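> prediction below, plus the sequence it came from.
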Amino acid sequence: MIYFDKVSKKYFDKSVALDNVSFTIEPGEFVSVVGHSGAGKSTLLKMILAEEKPSAGKVFFESVDIHTLGRRHIPTLRRRIGSVFQDFRLLPHKTAFENIAFTMEAAGRAEDEIESDVPHVLELVGLDDKMWNFPFELSGGERQRVAIARAIVNQPDLLIADEPTGNLDPLSTHEIIEIFKKINDIGTTVILTTHNKGVIDKLGKRVITLEKGKIIRDDKEGRYVI
Ligand code: ADP
């Protein structure tokens, strides 16, 4: 599904974020990307979302070379990918329901689909009782669950999560990881970056370890070793 072919990235100030990185992610995999701050994790995710271009090498989404896509095809790529971030990125003046409905409207989904899918996806993340709450009325873990519901409501093939538990306490972290596992079990490919050793060790899934822009480990049932 995702193929990085000898990808390097240098930013304008010449800092090397990725250095000759190659790997493949198959459909349905759950892959964690770990490494110290500055190791290149976010850069790697940005390449998949076509937010940054490689300085060398190619990134493929299925058979499509992402960085040869014309500007008008990029939204089509991004619609196949759901994303979740450390800082939730919810719209503060919209309720949980409205945050999710807004994403569906932007994707051109019909009103009756919105009415049926939003409660369904909130139930999946265990938040159907907070549908009409605003973000400021929710805990960090609950906000992240709304953000995850929003990321999956248009049924993406791939879910990308950049440090999704970075701002959360251990209990909320546990709950969020269980939700990612559930989403993966129903067939969505998941790529997660994290600093959290406990998360990785508990997942028991594939782990790619980055150090200074290079892959130093790629373990099938990885542990956090840095
Ligand atoms: P991580 O997500 O692992 O913390 P990043 O991908 O954010 O790593 O960063 C990798 C390297 O690239 C770091 O040295 C960082 O300073 C640099 N970098 C990231 N984004 C930019 C940018 N927009 N401009 C210049 N340098 C950047």
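The structure has been received and is ready for your questions.

> for the rest of this, base every contact and every neighbour count on C-alpha atoms.
Fine.

> got a pLDDT number for the residue nearest the centre of the chain?
Residue closest to the average C-alpha location in the chain (Cα atoms, centre = their mean): residue 160, at 1.5 Å. Looking at residue 160, its pLDDT stands at 98.

> mind checking pLDDT for the nearest residue to residue 226 once chain neighbours are set aside?
With sequence-adjacent residues excluded and distances taken as Cα to Cα, 6 or more residues apart in numbering, residue 226 is closest to residue 35, at 7.1 Å. Per-residue confidence (pLDDT) for residue 35: 93.

> residue contacts, residue 35?
Residues in contact with residue 35 (Cα atoms under 8 Å, 6 or more residues apart in numbering) are 41, 194, 195, 209, 210, 211, 226.

> residue 60 - that's part of a helix, no?
No - read with DSSP: H, G, I helix; E, B strand; the rest coil, residue 60 is strand and lies in no helix.

> who is it paired with across the strands?
residue 3, residue 65 (DSSP bridges).

> what about it, neighbour count?
Neighbourhood size, residue 60 [other Cα atoms under 10 Å]: 18.

> how near is it to the ligand?
Taking Cα to the nearest ligand atom, to the nearest Å as the measure, residue 60 falls 19 Å from the ligand.

> who are the contact partners of that residue?
1, 2, 3, 4, 66.

> for residue 47, same thing?
Contacts of residue 47 by Cα under 8 Å, 6+ apart are 53, 54, 59.

> residue 69 is in contact with the last one, correct?
Spelled out, it's residue 59. No - look at residue 59 against residue 69 with Cα atoms under 8 Å: they stay out of range, at 11.2 Å.

> and the two? which has more neighbours close in?
Neighbour count, other Cα under 10 Å: between residue 59 and residue 69, residue 59 has more, with 27 against 12.

> re the thing from before, export the contacts of residue 60 to JSON lines and tack on pLDDT?
Converted to JSON lines, these look like this (pLDDT from 0 to 100):
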{"residue": "1", "pLDDT": "95"}
{"residue": "2", "pLDDT": "98"}
{"residue": "3", "pLDDT": "98"}
{"residue": "4", "pLDDT": "98"}
{"residue": "66", "pLDDT": "97"}
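
> what subset of the residues you listed is buried?
Those of the contacts of residue 60 that meet the buried threshold are 1, 2, 3, 4, 66, by 16 or more other Cα atoms under 10 Å.

> and the furthest pair within those residues?
Longest distance between any two of those is 11.9 Å, between 1 and 66; criterion Cα to Cα.

> hmm, back to that, how about the contacts of residue 35 in JSON lines, adding pLDDT, distance to residue 123 and neighbour count?
Shown next, in JSON lines, are those (pLDDT from 0 to 100; distance: Cα to Cα, whole Å; neighbours: other Cα atoms under 10 Å):
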{"residue": "41", "pLDDT": "96", "distance to residue 123": "31", "neighbour count": "27"}
{"residue": "194", "pLDDT": "92", "distance to residue 123": "26", "neighbour count": "23"}
{"residue": "195", "pLDDT": "83", "distance to residue 123": "28", "neighbour count": "16"}
{"residue": "209", "pLDDT": "95", "distance to residue 123": "34", "neighbour count": "25"}
{"residue": "210", "pLDDT": "96", "distance to residue 123": "35", "neighbour count": "24"}
{"residue": "211", "pLDDT": "96", "distance to residue 123": "38", "neighbour count": "20"}
{"residue": "226", "pLDDT": "71", "distance to residue 123": "37", "neighbour count": "12"}
